[in-house]
Every structure is written in structure tokens, then in C-alpha cells.
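Asks: I would like the atomic coordinates for the input below:
(one chain, ligands or ions: 3)
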Amino acid sequence: MTTSAEPLLKVEHLKKYFPIRTGMFAHTPLRAVDGVSLTVERGKTLGIVGESGSGKSTLGLCLLRLEEPDEGRVAFKGQDIVPLRGEHLRAMRRHMQMVFQDPLDSLNPRLTVGDAVAEPLLLHGIARNRREAREQVKDFFDIVGLPADFLDRYPHQLSGGQRQRVGIARALSMQPELIVLDEPTSALDVSVQATLLNLLTDLQRRFELSYIFISHDLAVISQQADHVAVMYLGQIVETGPTGELFSQPKHPYTMSLLSAIPGFGQHEDHRPVVLEGEIPSPLNPPGGCRLHTRCPFATDACRSREQVLEPIRPGHLVACHRAIANELPSFWLQTSHASTLQAQVLEAEHYLSERRAQITAQSVGSV
Ligand SMILES: Nc1ncnc2c1ncn2[C@@H]1O[C@H](COP(=O)(O)OP(=O)(O)O)[C@@H](O)[C@H]1O
Ligand code: SF4
Ligand SMILES: [Mg+2]
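Replies: Residues are numbered from 1 along each chain as shown. Ligands and ions are numbered 1, 2, ... in the order given. Model prediction:
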């Protein structure tokens with residue numbers, strides 16, 4: 001049963017282990033996603049942030065069943081999609097689309113981009129024939145700011161920004177309710193990145209879309225997301241409303257990510273949290289709290305005790321028993337650093353509005 005109060009997507013205890021060959025006959029599970037629970041509300045953006053290798057892409061792929069989860073539940077509008085097969089899976093997938101970092105990986109080099117977008121329209125019976133599909137593709141190209149004569153171009157004839165618009169048009173043409181955006185602008189230079197972020201925001205409002213926005217870039221996440229989940233070694237260590245999570249981070253890992261923002265640490269009030277060493281291998285993650293090998297606040301209890309997400313405020317959860325017990329030193333962000341981040345966001349907004357004006361004045365095709 002679907003009710004309007006229910007989140008669009010509710011994920012519970014999702015796991016994905018890749019068997020990695022570690023000997024002639026031995027395999028060791030690589031715990032790419034290890035017990036993730038999250039929700040995505042209708043019309044909202046959940047940002048997922050974490051270092052490279054923390055499991056963000058695998059999580060995104062599992063949500064759409066592009067990778068098969070090993071365990072857990074992915075309820076889309078109340079229905080668990082993990083057991084779905086064949087036609088039922090295909091029908092459900094239409095409503096959940098993905099945009100990848102580099103659309104070149106997902107565009108067939110031998111197909112024109114018009115045909116690449118037309119194919120799924122025909123496959124899902126959204127268009128009855130090629131002519132109808134082409135008309136629909138034209139409309140979606142127009143929506144994402146691509147001129148109609150681009151339909152007959154091949155992927156290599158387009159710039160990175162234009163290819164990403166094709167990727168977005170293809171996702172949008174399925175009339176999805178949820179789009180997983182995996183580092184959608186990371187491969188683009190900063191001016192093109194700004195126009196695409198802008199486009200994504202406009203499309204979200206226009207089509208009432210929900211987004212899962214995956215990025216390692218905190219500035220992008222702070223600008224795009226309503227809610228943020230921070231991943232470390234396959235697990236979510238902190239999640240909360242964007243403003244609160246960035247201004248009052250509670251987990252040492254989140255604090256360390258914020259400490260790494262360029263310009264941070266120059267003010268005498270700044271007390272950065274710096275982690276020791278490298279991220280451990282997901283083939284052999286530390287027991288107890290996964291951060292204990294690197295965390296400056298670790299105690300013996302951290303080494304033996306599994307951490308679970310617990311609410312520290314309504315809607316703000318943290319997987320650190322010392323944060324929950326209020327044993328960690330208070331974080332500087334409540335004072336000086338909050339203004340640094342805010343200044344960055346304001347700067348980004350100013351930049352975006354300037355770019356918006358430029359784009360309106362220019363032909364979009366030249367972006
Ligand atoms: N198909 C795969 N087979 C084996 N290991 C994989 C596969 N895909 C991802 N991994 C591993 O899973 C971990 C998480 O990867 P990924 O989800 O790509 O992280 P992120 O997107 O955060 O960089 C990494 O250690 C990566 O090497
Ligand atoms: S549980 Fe301990 S090791 Fe883990 S983040 Fe908290 S203080 Fe650090
Ligand atoms: Mg990734």
C-alpha cells in the first residue's frame with residue numbers, strides 16, 4: 001500500500017560484497033556496501049558524500065538493481081524491488097534512472113545520440129515507432145538545452161557537457177520519479193559544471209524529481225542536497241539535514257572531511273580533525289568502529305564496539321558512541337568555519353546566477 005506520507009525510497013540494511021580471489025581456491029568478500037539504510041523523500045535530494053572507494057557508486061547501482069544486492073530491502077513507493085524479476089523489474093526500473101559521471105561509458109559510440117535516447121523509448125513502448133520516438137527525443141533535447149540538429153551527432157562529436165545533457169535527456173525521457181546522479185559533473189570544468197547543476201535544479205522543480213546526488217565534493221553537495229549521508233568503508237556514519245550536518249558535524253569522519261576544505265585551518269579558531277593513515281581495505285575492514293584505526297578520539301571501547309546510527313537530534317543520526325555520549329570536543333564549525341562554508345555557497349550561488357545570465361544570452365549549443 002502506498003501512502004503519500006511514505007518516503008519515495010526506503011532502503012534497509014543493504015549489503016553488497018564482491019568475492020575477490022585471494023588464493024588458488026580462496027575468495028574474500030570485499031564489503032563495498034555493508035548494511036546501509038536510508039530514505040529519500042519525494043521531490044528532495046539526498047546527497048551521498050565520501051572518499052573514493054567508500055562504496056557510493058556500488059550503493060547507487062544496487063538501488064537500481066544494476067548490481068544485485070546480497071542482502072537488504074529497497075522499497076520504492078512501498079514495494080521491495082529486490083525480489084523483482086523480468087518484466088516486473090523492467091517496468092519498475094523505468095521509474096528509477098541513473099546518470100553516470102562519464103556518459104561516454106554508457107553511450108554506444110556507433111549510435112547517434114538521438115538513437116541512443118530513442119532506443120529505451122521504443123523498448124518501454126513509450127513511443128510506438130521510430131518517427132514518434134524521434135519527436136519525443138527532440139522535445140527532451142529541447143528541455144535539456146540541446147538543439148535538435150544534435151540528434152544526428154555521434155557521442156565523440158559532443159563536448160563533455162553536451163554528452164552529459166544527452167545522459168540527462170535519456171534518464172528524463174523515461175519519466176522517472178527518482179534519478180541517481182553519480183558524480184554527474186565531476187568530469188567537467190567548473191563553468192560547465194555550474195550550468196549543469198543549475199539545469200538539474202530546474203528539472204527537479206519542473207518534474208518533481210527526487211535525486212540521490214553522489215559526490216566527493218562537499219561544496220557541490222552543500223549546494224544541491226536537502227539531506228546528506230556520509231559514507232566510510234561501505235557504511236553511513238552520519239546523516240542529517242544539509243545545513244545542520246555541515247554546521248554541526250558530530251562524527252569525527254565528517255569533521256575530517258570538512259577540515260579538508262581548501263582555506264580551512266587558516267584561522268586561529270579552526271581546530272581541524274585530521275585522520276591518521278590511509279583508508280583501510282574493504283577486504284579487511286577494522287572491527288569495532290571502522291574509523292578507530294584513524295580517529296584521534298578513539299578509545300579501547302571503539303576498537304571492540306560495532307557502531308550503529310543513533311539519533312543525536314531529530315533527523316540527525318550518527319554512528320559514534322562518543323558523539324552520542326557528548327564526549328567529543330566541541331567542533332569549531334559552530335563559529336568560524338560555518339561562515340567559511342556559507343561564503344563558499346554564496347559565492348557559488350553568485351557564480352551560478354552570473355552564468356545563468358550568460359547562458360541565456362548565448363546559444364546553448366556552444367556550452
Ligand atoms: N565490480 C566490482 N568488483 C570488485 N570490487 C568492486 C567492484 N565495484 C567496486 N568494487 C570495490 O568496491 C569498493 C567501493 O567502490 P565504489 O562503489 O566504486 O566506491 P566509490 O564510488 O565511493 O568510489 C572499492 O573498494 C572498489 O574497488
Ligand atoms: S566510535 Fe570512537 S573511533 Fe569511532 S568515530 Fe567515534 S570516537 Fe572515533
Ligand atoms: Mg564512484
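Asks: spell out which parts of the chain neighbour ligand 2.
Replies: Applying C-beta under 6 Å from any ligand atom, one finds that the chain approaches ligand 2 through 252, 289, 291-292, 295, 297-298, 302, 307, 320-322. To be clear about C-beta, it is placed using only N, CA and C from the backbone, and glycine gets the same treatment.
Asks: which one among those gets closest to Met231?
Replies: Closest to Met231 out of the residues of the chain next to ligand 2 is Leu291 (11.9 Å), distances taken as C-beta to C-beta.
Asks: quick one: secondary structure of the closest residue in space to the closest one that isn't next to it in sequence?
Replies: Leaving aside its sequence neighbours, Leu291 sits nearest to Tyr253 (C-beta to C-beta, 6 or more residues apart in numbering; 5.5 Å). State at Tyr253, reduced to three classes by DSSP: H, G, I helix; E, B strand; the rest coil: helix.
Asks: so Tyr253 sits against Glu238, correct?
Replies: Yes - if you go by C-beta atoms under 8 Å, Tyr253 and Glu238 touch, sitting 7.2 Å apart.
Asks: Lys10 is in contact with Val36, correct?
Replies: No - in this structure Val36 lies outside contact range of Lys10 using C-beta under 8 Å: 11.7 Å.
Asks: compare these two (neighbour count), which wins?
Replies: When Val36 and Lys10 are compared on other C-beta atoms under 10 Å, the one with more neighbours turns out to be Val36, at 25 against 17.
Asks: okay, and that one sits in which element?
Replies: In the assignment (DSSP states H and E), Val36 maps to strand 27-40.
Asks: average pLDDT across the next helix or strand after that strand?
Replies: Using DSSP H and E, the next helix or strand after strand 27-40 towards the C-terminus is strand 45-49. Looking at strand 45-49 alone, the average pLDDT works out to 98.
Asks: next: stretch 213-225.
Replies: Mean predicted lDDT for stretch 213-225 stands at 91.
Asks: can you list the buried residues in that stretch?
Replies: By 16 or more other C-beta atoms under 10 Å, the buried positions in stretch 213-225 come out as 213-216, 218, 220-225.
Asks: ok, stretch 169-177 next?
Replies: Across stretch 169-177, burial judged by 16+ other C-beta under 10 Å covers 169-174, 176-177.
Asks: format the residues you listed as JSON lines; extra columns: pLDDT and secondary structure.
Replies: Shown next, in JSON lines, are the buried residues of stretch 169-177 (pLDDT from 0 to 100; DSSP: H, G, I helix; E, B strand; the rest coil):
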{"residue": "Ala169", "pLDDT": "97", "secondary structure": "helix"}
{"residue": "Arg170", "pLDDT": "96", "secondary structure": "helix"}
{"residue": "Ala171", "pLDDT": "96", "secondary structure": "helix"}
{"residue": "Leu172", "pLDDT": "97", "secondary structure": "helix"}
{"residue": "Ser173", "pLDDT": "96", "secondary structure": "helix"}
{"residue": "Met174", "pLDDT": "96", "secondary structure": "coil"}
{"residue": "Pro176", "pLDDT": "97", "secondary structure": "coil"}
{"residue": "Glu177", "pLDDT": "97", "secondary structure": "coil"}
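Asks: which pair in those residues spans the largest distance?
Replies: Ala169 and Glu177 (16.9 Å).
Asks: filter the buried residues of stretch 213-225 by proximity to ligand 1?
Replies: Taking C-beta under 6 Å from any ligand atom as the test, ligand 1 is in contact with none of the buried residues of stretch 213-225.
Asks: tell me how many other residues crowd the closest residue in space to Leu84 that isn't next to it in sequence.
Replies: Here the nearest residue to Leu84 in space, its sequence neighbours aside, is Met92; by C-beta to C-beta, 6+ apart that works out to 5.8 Å. Residues near Met92, counting by other C-beta under 10 Å, number 16.
Asks: so who does Met92 touch?
Replies: Contacts for Met92 (C-beta atoms under 8 Å, 6 or more residues apart in numbering) come out as 76, 79, 81, 84.
Asks: most neighbours among those residues, which one?
Replies: Using other C-beta under 10 Å as the neighbour criterion, Phe76 leads the contacts of Met92 with 23 neighbours.
Asks: secondary structure element for the closest residue to Pro176 other than its chain neighbours?
Replies: Closest residue to Pro176 apart from its sequence neighbours, by C-beta to C-beta, 6+ apart: Gln97 at 4.2 Å. According to DSSP H and E, Gln97 maps onto strand 96-99.
Asks: show residues contacting that strand.
Replies: Residues from elsewhere that reach strand 96-99 (C-beta under 8 Å, 6+ apart): 60-61, 63-64, 66, 76, 164, 167-168, 170-172, 174, 176-182, 184.
Asks: just the ones of these in helices?
Replies: Judged by DSSP state H, the subset of the contacts of strand 96-99 located in helices is 60-61, 63, 164, 167-168, 170-172.
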